[in-house]
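> Take this sequence and fold it.
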Amino acid sequence: MLSLRELQSAFGAALLAQDRAGAGDHAAGTAIEQEIVANGLEPAARLRIYRNNARENFASALRAAFPVLAKLVGEDYFRQLALQYRAAHPSRSGDLRHVGQALPDFLSHRFADGEYSYFPDVARLEWAVQEAFVADDHAPLDLARLGQIDPARYTELSFELHPAARLLFSPYPVLTIWRANQDGAEERSIDLHAGGEHVLVTRAAQDVELAQLDPADYAFLSACARGAQFADAVARASGAGPFDASTSLRRHVTSGTLVDFRLTGDPA
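Alright, predicted model coming up:
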């Protein structure tokens, strides 16, 4: 008789036995079958039902998180890809919300330097959208508190992005690809060599919004995301292209992308 912990471990391994046909997984399947009461259905058959449900639920969760990728590769191939990915990155939780986190890197190994080398960045953008949906909320930046800062210390300010904000650069027109594959979008030809795109993913109210940034604005927000002082963030932005610091700051505070700040040397 297996202990509860042993039973749970064996059952989890048995659910993956078809995907990872190793000796240990086969042994786990055999062990768990011995613990199942037939009750009108053979233990192996009962285990196959659980195994099939776990496999299909995983594939469905991944499909829901990456609809554009599924559209690009086709439903049949996406399902095959999902099962191969599951074998390499099985869920460690009953909550399947996080199962797609490693998919972009998985695709990078699969499609590196090939015809479909843009797939990983499409997946990264889709995962950024998923993260933005479930990220914590945050109140708008307190302008009254900001107004109390001594202007002589403005260069020491470090601005913080909203928890839902995500930044992504791709050498491919990844936002254009994403938009072209939304429901209701008109069919269009996309030149994969048209140039890269800098993308900001944010959440407004209950919806996620995606916007293309110019290189300077992207550099500014990226520096802010790393905790850089305002002066350094502006310098990095100016090095990437024409940049108006006051206009950019006003826009991103108004839109809710920048939601907090601190002064260097002050307690966090």
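> Going by C-alpha atoms from here, please, whenever you check contacts or count neighbours.
Noted.
> any idea how far residue 84 lies from residue 106?
10 Å (CA to CA, to the nearest Å).
> same thing with residue 230?
36 Å.
> Compare these two and say which one has the larger neighbour count.
residue 230 (23 against 17; other CA atoms under 10 Å).
> Show me what the helix ranked longest in the chain is packed up against.
In the chain, taking DSSP state H as the definition, the longest helix is helix 43-65. Judged by 3 or more CA pairs under 8 Å, 6 or more residues apart in numbering; DSSP states H and E, helix 43-65 is in contact with helix 4-15, helix 23-33, helix 75-88, helix 119-134.
> lowest-confidence stretch among the ones you listed?
Confidence, taken as mean pLDDT, is least for helix 23-33 of those (a mean of 50).
> Now do the contacts for the nearest residue to residue 196 once chain neighbours are set aside.
Excluding its sequence neighbours, the residue lying closest to residue 196 (CA to CA, 6 or more residues apart in numbering) is residue 171, at 3.8 Å. The contact partners of residue 171, taken as CA atoms under 8 Å, 6 or more residues apart in numbering, are 195, 196, 197.
> Turn those residues into TSV, columns for neighbour count.
Compiled in TSV, those are given as follows (neighbours: other CA atoms under 10 Å):
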residue	neighbour count
195	11
196	15
197	21
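> of the residues you listed, the lowest pLDDT goes to which?
Minimum pLDDT across the contacts of residue 171 falls on residue 195, with 94.
> phi, psi of that one?
phi 120, psi 160 (degrees, to the nearest 10).
> now the residue nearest to residue 196: how far from residue 123?
Counting by CA to CA - residue 171 and residue 123 are separated by 14 Å.
> before we move on, what about residue 236?
Distance from residue 236 to residue 123, by CA to CA: 28 Å.
> for residue 219, same thing?
Residue 219 is 22 Å from residue 123, by CA to CA.
> More neighbours: those two, which one.
residue 123 (27 against 23).
> residues touching the more buried one, list them.
66, 69, 103, 104.
> Contacts only, for residue 107.
Per CA under 8 Å, 6+ apart, neighbours of residue 107: 119, 120.
> Could you look up the SS state of it?
What DSSP: H, G, I helix; E, B strand; the rest coil gives for residue 107 is helix.
> Residue 252 - nearest residue in space that isn't next to it in sequence?
Nearest one to residue 252, counting by CA to CA, 6+ apart, is residue 258 at 5.6 Å.
> Tell me how many other residues crowd the one you found.
24.
> Touching, it and residue 163? I think so.
No. Using CA atoms under 8 Å as the test, residue 258 is too far from residue 163 to be in contact (9.6 Å).
> mind checking how far stretch 123-132 is from the chain centre?
4 Å (CA atoms, centre = their mean, to the nearest Å).
> right, I mislabeled it, should have said stretch 245-259
So, by CA atoms, centre = their mean, the centroid of stretch 245-259 is 24 Å from its chain's centroid.
> swap in stretch 156-169?
With CA atoms, centre = their mean, you get 16 Å for stretch 156-169.
> and the gap between the residue nearest the centre of the chain and residue 210?
Closest to where the C-alpha atoms of the chain average out (CA atoms, centre = their mean) is residue 127, at 2.4 Å. Distance, residue 127 to residue 210, by CA to CA: 13 Å.
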